[in-house]
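Trainee: A structural model of the following input is requested.
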Amino acid sequence: MSAPRHARLVAKLLLGAVAMFGFGFALVPLYEVICDLTGLNGRITEASVPTGVREDPSRTVTVELVASLAAGMPWEFRPRVTKMQVHPGKAYQTSFSAQNLRADRRVAQAIASIAPGRAARHLIKTECFCFTRQEFRAGEQREMPVVFMIDPALPAEVGTVTLSYTFFELPEPPQQRPDSANLTSRGEGA
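Mentor: Prediction:
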């Protein structure tokens, strides 16, 4: 290959690398827009109940509650009820039960999603265990509350909204785990 062909090839490769970097950088805002539109990844309104919203007793919406665990997570996680009939504009409370089946302390967090996606902006959660990390002692079980409301502006053709939570175990840095301090002080585990 001649020198000009090498230079063109290097220029094309550099341009390709810059384009890939730019595309990767643009994915973050694009992902956020998609999540806002579809309700994926827990992108749900977390504001307090809007003022001036009135209950619509003439309309009933079915809210289905679903719980799932990340693959390989030895926990129990389930909704207290799997289906609720609600009136838009009225706040409702339910809860989910979770239990750490491990023999040591663990931290987990739930990620919410809403179906259909266009209903995501109309489900308003004022209290939810998904807002924060949940720390469980070995074998601990607890009820975790959710307070929500369906905005009366939910499109009339949407009669069922599914609120689904997936529980994920979160890794902790070794210096924060009490059992890792004991291992290193005895000279084990390293």
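
Trainee: what is the burial count for Gln85?
Mentor: Gln85 has 9 neighbours, counted by other CB atoms under 10 Å. The way it works is simple: take the backbone N, C-alpha and C, and place the C-beta from them, glycine included.

Trainee: what strand or helix carries the spatially most central residue of the chain?
Mentor: Central residue of the chain (CA atoms, centre = their mean): Ile111, 1.8 Å from the mean position. Taking DSSP states H and E as the definition, one finds Ile111 inside strand 106-115.

Trainee: buried ones in the helix or strand just after that strand?
Mentor: Sequence order places strand 123-128 as the next helix or strand after strand 106-115, per DSSP H and E. Buried residues in strand 123-128, counting neighbours by 16 or more other CB atoms under 10 Å, are found at Leu123, Ile124, Lys125, Thr126, Cys128.

Trainee: which among these gets closest to Arg102?
Mentor: Set against Arg102, the nearest of the buried residues of strand 123-128 by CB to CB is Cys128 (23.8 Å).

Trainee: got a list of contacts for stretch 57-72?
Mentor: For stretch 57-72, contacts defined as CB atoms under 8 Å, 6 or more residues apart in numbering pick out 75, 77-79, 81-88, 92, 94, 96, 148, 150, 152, 154, 156, 158-169.

Trainee: list the strands paired with the strand holding Ile111, with their directions.
Mentor: When sheet partners are counted by DSSP bridges, strand 106-115 sits next to strand 134-136 (antiparallel), strand 160-170 (antiparallel).

Trainee: out of the ones you listed, which is the most enclosed?
Mentor: Most buried of these by mean neighbour count (mean count of other CB atoms under 10 Å) is strand 160-170; its value is a mean of 19.

Trainee: got the angle between it and strand 123-128?
Mentor: For strand 160-170 against strand 123-128, the angle by axes from the mean of the first three to the mean of the last three CA atoms, to 10 degrees is 40 degrees.

Trainee: one step back: quick one: which of the strands paired with strand 106-115 is nearest Arg118?
Mentor: strand 160-170 (10.0 Å).
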